[in-house]
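> when you get a sec, could you give me coordinates for this:
(chains A, B, C, D and E)
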Amino acid sequence: MTPAQISQYAFYFFAALAVVGAIGTVTVRNVVHSAIFLITSLLATAGIFLTLGAQFVFAVQIVLYVGGIMVLFIFVIMLVNLDVALHQMQFKRRWWVAGLLALALGGQFGAVIYYSRAGGVLEIPAARTGALSPQNVQQFGLALFEKYALPFEIASVLLLVALIGAVVMTKKRV
Amino acid sequence: MVNDPSEKKPPAPAETPSEKPAGASAEKPAAAPPKPAAPAAPKPPAVPPPPKEGPVPLDNDLVKRFKARFGDNIREAWTDRKQAILVVDRESLAEISEYSRDDEGFDYLVDLTAVDWPKREKRFDVVLNLYSFKKNERLRLKVFLGEGENCPSVTGVWSTANWLERECFDMFGIVFEGHPKLTRILLPDEWQGHPLRKDYDILTQDTAWVRENLGIESGQ
Amino acid sequence: MSALLEFLKTYMWPLIFAVVIVAVLPLLAGYVVLMERKIMADMQARLGPMRVGPHGLLQPIADALKLLIKEDIIPENADKVVFWFAPVISVTAAMLAYSALAIGPFFQIAELNIGLLFIVAVSSMGIFGIILGGWASNSHYSLLGALRSTAQMISYETAAGLALVGGVLLAGSLSTREIVQAQHGGTWYVFVAPIGFFLYLVASIAETNRAPFDLPEAESELVAGYMTEYSGFRWAVYFLAEYANMIVVASIATTLFLGGWLRPFQGTPWMDFLDFFPPLCFLAVAGYCFYRTPKQPEPIQSMVMALFGGLCLLLAAAMALPFVPAFAASKPGLHGAFWFLLKVSLYIYSFMWIRFTFPRFRFDQLMKLGWYFMIPLSIVNVLGLGVYRVLRQLQWSRWPAFVLTTGGTLLVAIWLVWNAQKKAAAPSSVGDMTEAEG
Amino acid sequence: MVPIGNYLFLSLALFIIGVIGVLTRRNVIVILMSIELILNAVNINLVAFSRHWANVDGQIFTLFIITDAAAEAAVGLGIIIAFFKNRETVLADEMDLLKW
Amino acid sequence: MSDTRTTGFPGVEQTVLGADEIIINMGPQHPSTHGVLRVKLRLDGERIVDSECVIGYLHRGVEKIAEHRSYQQFAPYVDRMDYVAAVSNGLGYCEAVEKLLGTEAPMRAKVVRTILTELQRISSHLLWLGTHAIDIGALTPLFYCLREREEILKIFEKYCGARLTTHAFRIGGLQYDTYDGFEAETKRFCLDFSHRVDEYEALLTENRIWIARTKGIGVLSAADAIDMGATGPVLRGSGVKWDIRKAMPYAAYDRYEFEIPIGQNGDTYDRYIVRMQEMRQSNRICLQAIEDIPAGPIMGKVGKVLKPPVGEVYHSIEAPKGELGYYIVSDGTTQPYRVRIRPPSFINLEALDKMIKGHLVADVVAIIGTLDIVLGEVDR
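Here you go, the predicted model:
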């Protein structure tokens, strides 16, 4: 079993986990369970990042997405946790319309991806090799603070705005 | 500092090594010089045993002031073991309480309780023990209540009375009119009977409740 | 089959280390508990566990057994699956963090490029164990405990993370191994960034939910916080997670600030006699064990005591092994592990010392401390260390650079404290609190 | 080496599930979580192509997307809390007034 | 708030809860309610909107029992009320009955009573300090406190054979004279004790967390304290300089010098300081009293069968918790017609609802601790 094989198996494992988690997220009745499924899905995605050699994104995914955003979600779910909500209808009345629409969209995208395979109509050019080492934190940092310095700053402003917005909205007495 | 208690004591009596509080010794002669009965006087070091125990009629300044204000509503006044006791009318209890707090300075309701005398015409004594920080003096108000008669609540005068009246209701079944929430306090809400009445004892207690809620026989 | 063999061959050492950690960590955590109880007893003028084994040495094992065979109670309206799963999340997160920690230059499961970040990421997942457990119990106390715990851990994770950034800034790497190696021959970062170390100490106490920050499980307020409804083995698993987490944060602090597996005064030749310390230390413990052996009340206790003494002798022999020329190569591995664990224990000891000295904060005070003091100071600390690095690159010598940056950070800290005190001196605390709520 | 198409299909699957969640669920919190799923699908795409082209830019975009998701979650959940305080519900189709 | 749910305290009234409000039930089995107190808290987040004490879990009907016992037979029962300060309870009861009888205990008995009562006050305050500190999260002081309390209990044990429910005094005086070495042991303890108090204060008084947790918490103004009938350290913490030992001296208190420590703000910290100072003052009284215990009889002239004349008496003492009063009505028989006990804990506890409003759950614990209640006395 070579590392390449391992990463292949890992991909299928994580992919299956991610899809199962995602399906659970949208179908389960209890919101907390829904969040748990989402966490599973997000962790599986982090694993996929690992198979892609993106270690830093893997860590960020866990720290921010799982450790931050999802904790926030669960926090809010517990704050607004209503037992009543459990017994209400969970899906909109015409859910099948939405489902069909989404599946149609999926089919369309699927077709595109199918035709983009090697030898397909919309073939994606072959992978470029080299250049990106798996341990790319340094590359990553350099790119982030040189090439993308401005977007980085904008993102920080966005976060600040979101922070203030969240505080203002949840404040008791304005 | 809040207004009244700070001014109530003479400046720092406790700092001086006095044996008696300055307040007590200063106030007592002023309050009732000719009477033997300033309530709860500090014991002199070598006191001869009082000649007679039991009630002694009382008619000092305090009682006079009360009588002047409330007239016949003050039924009786006596001292027992040098402790002043005032029997007041049921109807005027609230006013008398308010008067004794505001004008006579009995700002502290020490205790409120009742005594059951089943053979008497008016069955219950409701007893209020008052204390004045200013005068260092105690006073006991009594109200006679017949069976089924209600007592006016003094919760508006002293907040302490809230629980004390509830306890009294719990133990004697005396209803206090105007009490914000007169429920049982020590016994379970569904309990039958009022334990401190003289006709209540372990044989007549609420065994049904015990059986139902605790699943045991009460053992009597 | 051969593929599997190949796999095992490639990953033999990491697998062995992983098994060792999973097997030893619970035991270690149990003995940390014993150590805590003994230290607590010592500070409180009593003896602590004395019955199970000589000086209570077998107490952790007895406790573990007791907890294992206790009745397993799940509250009636609990969410059973989550209730079952939550403690497992906690302990998994705690154990996973060890995969990137280097206990000695040899003993490490995986050398990760993003080592420290990985540890922080993985241990942040422990929150889910707490919050889901609290929610699944279907009890107000548990839920309040869980919410408190979450808010607290998120707040203090920020401060702890920033304190770590300071250390990483100095080392120039996220890999645990490289961080320690960067301290080799130089000074440990605790002497370069004392404020960063202090910040991490406080934040790590808060993150592991220990007094004076043990709000989530404040027994006098919330009974046992998120663990209220837990009992038996599940409770033991939570407990294990808590102590494993303590060992993790202590290991991080050791790696980043206390020179990891490095011996004190590594670069000073005349201090080399310290190399003899590990075997002598074990020898002394063994000697004490044997000295106490005949004084045990029961023969069986004497036997156990002698056994412990023998174990210590064995360890002493192992520590003395590197002095045999043939095995000289094993020195960094063996002695490294010794020094690492010693530093970890000292760090945990300071945790305990603090726990038994201070009362508990109130929740809003804790949050205030976190957001008004810890986080601003840790940001300033990162700035200061950045300046320090630049100054060093500009060929400043160590002392002026250190005094300048640390002094500056210290001034900010003093200002923050002074400011908070001025605010606290404002009258009417009840009013103050309602104001803070708005 | 897993071919990039597989990553794209995985990403597609997550994306479509997310879309279904957004379109069919009534609970606003679940809708927000479905949006996270969609963003996640995009992330997979970006990182996969980052490796495919041996270029770090895709990963950086991922970082920005995660940042954005954090901001969105903060504001979105803030709105939910504010809404819940006023109406005691978290169902999307009961949010039918502009002001109350 | 268009749609509010109704939940409530069962059987009492329906409480309408706001969106963020929950009701939490503290006790009767809760680590920090000091027994079987139950407090129903209505919380907005963690802030207390409303509260209600539910008591009575330990009700034994002490007052009813009294009506069926002779005066002497009832004396051991009072020890079981405030079981951490049994000696004080006994002193109050014995003095009340003596007053009812019109006799007095001899001086030697009075002095010994004073010493033991003051030791009991120290031990009660020590237990308070330890548990209060634990409530606030400081684990260690408890063990130091118990160490010193142990010394006091040893003195009690040597004196009367019991440690907790001592029944140390008899109506009319004392059953036992002091044992050999009583003076020396008490003196040694007292001399040692002032350093011990320094030790506790070193742990807590200047501790910033302690100050943050207690300053401004559970403020009870002097006017409120009087209105609520609070007594003892709770009243003095609010700045009212009133102590029955000074105001209406009983036992032998008029022989000794001591001060009444008071607080200024009426918060938890002030009550803490007041109790710490009270321990020092009690120690001071003990040291003075132990120097000269007058010689003489230990039992006054009371008969074997007590038949107090018809009448009633109210007598109160300054128990460690506050004013402990006995209102005894006699109908001339050997059994009291009615014994009413004015329990300080019960009435101090009444102030709880007022004190915790607007505070956090964590403060409730601190405030229950600072009231120093004993449920045996609250429920009787």
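> quick one: is the helix or strand that contains E:A362 near chain B?
Element membership for E:A362 (DSSP states H and E) is helix E:361-371. No. Between helix E:361-371 and chain B, judged by CB under 8 Å from any CB of the partner chain, nothing touches; the nearest distance is 13.6 Å. C-betas here are computed from N, CA, C, even on glycine.
> helix or strand right after that helix?
helix E:375-379.
> so what does that following helix touch, helix or strand wise?
Of the remaining helices and strands, those touching helix E:375-379 by 3 or more CB pairs under 8 Å, 6 or more residues apart in numbering or on different chains; DSSP states H and E are helix E:344-350.
> does chain B sit close to the helix it packs on?
Yes. Against chain B, helix E:344-350 shows contacts by CB under 8 Å from any CB at E:F346, E:I347, E:E350.
> so which bits of the helix or strand just after that helix are buried?
Using DSSP H and E, the helix or strand that directly follows helix E:344-350 along the chain is helix E:352-356. For helix E:352-356, burial by neighbour count (16 or more other CB atoms under 10 Å in any protein chain shown) applies to E:L352, E:D353, E:M355, E:I356.
> save those as CSV, and put in distance to chain A and pLDDT too.
As requested, the buried residues of helix E:352-356 are exported to CSV (distance: CB to the nearest CB, whole Å; pLDDT from 0 to 100):
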residue, distance to chain A, pLDDT
E:L352, 26, 87
E:D353, 24, 84
E:M355, 24, 86
E:I356, 21, 85
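> just give me the closest of those residues to chain B.
Set against chain B, the nearest of the buried residues of helix E:352-356 by CB to the nearest CB is E:D353 (9.4 Å).
> residues in contact with the closest one?
E:S51, E:E52, E:C53 (CB atoms under 8 Å, 6 or more residues apart in numbering or on different chains).
> what's the distance between it and E:L220?
12 Å (CB to CB, to the nearest Å).
> got the buried residues for stretch E:194-206?
Within stretch E:194-206, the residues scored as buried using 16+ other CB under 10 Å are E:R196, E:V197, E:Y200, E:L203, E:L204.
> what distance separates it from the centre of its chain?
22 Å (CA atoms, centre = their mean, to the nearest Å).
> tell me the mean pLDDT for that stretch?
Per-residue pLDDT over stretch E:194-206 has a mean of 84.
> neighbouring contacts of stretch E:144-153?
Applying CB under 8 Å, 6+ apart, the contact partners of stretch E:144-153 are C:44-45, E:119-120, E:122-123, E:126-127, E:129-130, E:163-164, E:189, E:193, E:196, E:199-200, E:203.
> if we can go back for a sec, can you lay out the buried residues of stretch E:194-206 as TSV showing secondary structure?
Shown next, in TSV, are the buried residues of stretch E:194-206 (DSSP: H, G, I helix; E, B strand; the rest coil):
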residue	secondary structure
E:R196	helix
E:V197	helix
E:Y200	helix
E:L203	helix
E:L204	helix
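> what are the ranges of the helices in chain D?
Counting by DSSP state H, chain D has helices at residues D:4-24, D:28-52, D:57-87.
> for the spatially most central residue of chain B, which non-adjacent residue is closest in space?
Centroid-nearest residue in chain B, with CA atoms, centre = their mean: B:L128, separated by 1.6 Å. Using CB to CB, 6 or more residues apart in numbering or on different chains and skipping the chain neighbours, the partner closest in space to B:L128 is B:L141 (4.2 Å).
> double-check that that neighbour belongs to a strand.
Yes. Secondary structure of B:L141 (three-state DSSP): part of a strand.
> contacts only, for it.
Contacts here follow CB under 8 Å, 6+ apart; on that basis B:L141 touches B:I85, B:L86, B:V87, B:V88, B:L93, B:I96, B:S97, B:S100, B:V127, B:L128, B:L130.
> so what's the nearest residue to the first one once chain neighbours are set aside bridging to?
If I follow you right, that is B:I85. Spatial nearest neighbour of B:I85, chain neighbours left out: B:R140 (4.6 Å); criterion: CB to CB, 6+ apart. On the basis of DSSP bridges, B:R140 is bridged to B:I85, B:N129.
> and B:R140, how many neighbours?
By other CB atoms under 10 Å in any protein chain shown, 21 other residues sit near B:R140.
> likewise for C:F106?
16.
> repeat that for C:L240.
Other residues within reach of C:L240, judged by other CB under 10 Å, total 23.
> ok, now how distant is it from E:I367?
The spacing between C:L240 and E:I367, counted by CB to CB, is 35 Å.
> host element of E:A212?
helix E:208-214.
> helix or strand right after that helix?
helix E:222-227.
> helices or strands up against that next one?
By 3+ CB pairs under 8 Å, 6+ apart, helix E:222-227 packs against helix B:3-8, helix E:233-237.
> how about 7 Å then?
helix B:3-8 (3 or more CB pairs under 7 Å, 6 or more residues apart in numbering or on different chains; DSSP states H and E).
> state the mean pLDDT of the helix it packs on.
Mean predicted lDDT for helix B:3-8 stands at 40.
> try stretch E:323-333
87.
> how about it and chain B, touching?
Yes. Stretch E:323-333 comes into contact with chain B (CB under 7 Å from any CB of the partner chain), by way of E:E323, E:G325, E:Y327, E:V329.
> wait, a strand at the third one?
Read it as E:Y327. Yes. Under three-state DSSP, E:Y327 falls within a strand.
> residues near it, how many?
24.
> what residues are up against it?
B:D111, B:T113, B:V127, B:N129, E:E312, E:Y314, E:R340, E:R342 (CB atoms under 7 Å, 6 or more residues apart in numbering or on different chains).
> which of the residues you listed sits closest to C:F265?
In terms of CB to CB, no member of the contacts of E:Y327 lies closer to C:F265 than E:R342, at 70.2 Å.
> quick revisit: out of the contacts of stretch E:144-153, which are buried?
By 16+ other CB under 10 Å, the contacts of stretch E:144-153 give C:44, E:119-120, E:122-123, E:126-127, E:129-130, E:163, E:189, E:193, E:196, E:200, E:203 as buried.
> tell me the domain ranges of chain A?
Per automatic domain parsing, the structural domains of chain A span A:1-97, A:133-174.
> buried deepest among those domains, which one?
domain A:1-97 (a mean of 20; mean count of other CB atoms under 10 Å in any protein chain shown).
> about what we covered before: for the helix holding E:A362, give the mean pLDDT please.
Mean predicted confidence for helix E:361-371 is 83.
> quick one on the thing from earlier: turn the contacts of E:Y327 into CSV, including neighbour count and secondary structure.
Below are the contacts of E:Y327 laid out as CSV (neighbours: other CB atoms under 10 Å in any protein chain shown; DSSP: H, G, I helix; E, B strand; the rest coil):
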residue, neighbour count, secondary structure
B:D111, 25, strand
B:T113, 22, strand
B:V127, 22, strand
B:N129, 23, strand
E:E312, 26, strand
E:Y314, 26, strand
E:R340, 25, strand
E:R342, 23, strand
